[in-house]
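Novice: Need coordinates for the following:
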Amino acid sequence: MSGAVWDVELRKQLRHGASRFALDLRFRSEAQRVALYGPSGAGKTMTLRMIAGIEAPDDGRVCIAARVLFDRAAGVSLSPQARRLAFVFQDYALFPHLTVRQNIAFGLRRGWRNPAHDARDAQAERWIEQFRLQGVAGHYPHQLSGGQRQRTALARALVNQPTALLLDEPFAALDKQLRQRLREELLELQVSLQLPLLLITHDDDDLRCLAQEVVTIEEGRISAGA
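Specialist: The predicted structure is shown next:
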């Protein structure tokens, strides 16, 4: 792929009581797999949320694979749905009252009505099979292992054929052996789909396995040494 896959410029003033935090960063990369790396509180998750459209920047521009999602100067600000970005939260954010199959199919529905318990959708079934969840498709999140919950969250994120995948510490809650296996599975999936991936991590092993480029963020800014 030629040209920048990620072209991100974001500015936001955050206030909590008397404290203030200024996020002001810019990164541009031709890599399909980019990691945001840095200490807790540096602004990594806020950056991901602004790219996804969940939080609004004060100013800036977000362009992914030549598609402009946000440009304050040009008056462009697509809704989170229109951005077509898959976002997997650190805690996976699965619906506890829905089965694996319903959680995955939920991403295909318009509005907030839950998929029927016995409904079958070809797209959802494809991702259930892709992530080897057939045996637990009728289970609820509390009945799943950590790896199964992560696979369910990924399947729900991918079922709508997104244009990019955003991951916030996706392996943090898993044991070391499982983390390595799922890293390899995610890498294989990304290469197969050729889907741009932006990953937040504190783990050097994530960087070695997944990141083609690392963007280090400290106190809301790109580190000068990055």
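
Novice: per-domain residue ranges of this protein.
Specialist: According to the domain assignment given by automatic domain parsing, the chain is divided into the following structural domains: 1-84+196-226, 85-162.

Novice: so which of the ones you listed gets nearest residue 182?
Specialist: In terms of Cβ to Cβ, the element of the domains of the chain nearest to residue 182 is domain 85-162, at 6.2 Å. Any C-beta I mention is one placed from the backbone N, CA and C, and that applies to glycine too.

Novice: Tell me the gap between the closest one and the middle of its chain.
Specialist: Taking Cα atoms, centre = their mean, to the nearest Å, one finds domain 85-162 lying 15 Å from the centre of the chain it belongs to.

Novice: All the helices of this protein, in order from the start?
Specialist: For the chain, the helices identified by DSSP state H occupy 44-52, 80-83, 100-106, 122-130, 146-158, 176-193, 204-210, in order along the chain.

Novice: which other residues reach the fourth one?
Specialist: Contact partners of helix 122-130, identified using Cβ atoms under 8 Å, 6 or more residues apart in numbering, comprise 100-101, 104-105, 108, 134, 137, 155-156, 158-159, 189.

Novice: what about that helix, average pLDDT?
Specialist: Mean per-residue pLDDT for helix 122-130: 90.

Novice: hey, what's the most centrally placed residue in the chain bridged with?
Specialist: Within the chain, one residue has its C-alpha closest to the average C-alpha position: by Cα atoms, centre = their mean, that is residue 166, at 2.0 Å. When bridges are taken as DSSP bridges, the partners of residue 166 come out as residue 87, residue 198.

Novice: That one against residue 50, yeah?
Specialist: No: with contact taken as Cβ atoms under 8 Å, residue 166 and residue 50 are classed as non-touching, separated by 10.7 Å.

Novice: who's in contact with the nearest residue to residue 120 once chain neighbours are set aside?
Specialist: Take residue 120 and drop its neighbours on the chain: the residue closest to it by Cβ to Cβ, 6 or more residues apart in numbering is residue 101, 7.8 Å away. By Cβ under 8 Å, 6+ apart, the residues touching residue 101 are 115, 119-120, 124, 128, 137-138.

Novice: circling back to that earlier point, take the helices of the chain and lay them out in CSV including distance to residue 4.
Specialist: CSV is the format used below for the helices of the chain (distance: least, Cβ to Cβ, whole Å):
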stretch, distance to residue 4
helix 44-52, 14
helix 80-83, 17
helix 100-106, 32
helix 122-130, 29
helix 146-158, 23
helix 176-193, 18
helix 204-210, 19
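
Novice: Just name the most buried of those helices.
Specialist: Compared across these, helix 100-106 shows the largest average neighbour count, a mean of 25 (mean count of other Cβ atoms under 10 Å).

Novice: Next one: the residue nearest to residue 120, what pLDDT does it get?
Specialist: Residue 101 carries a pLDDT score of 93 in this model.
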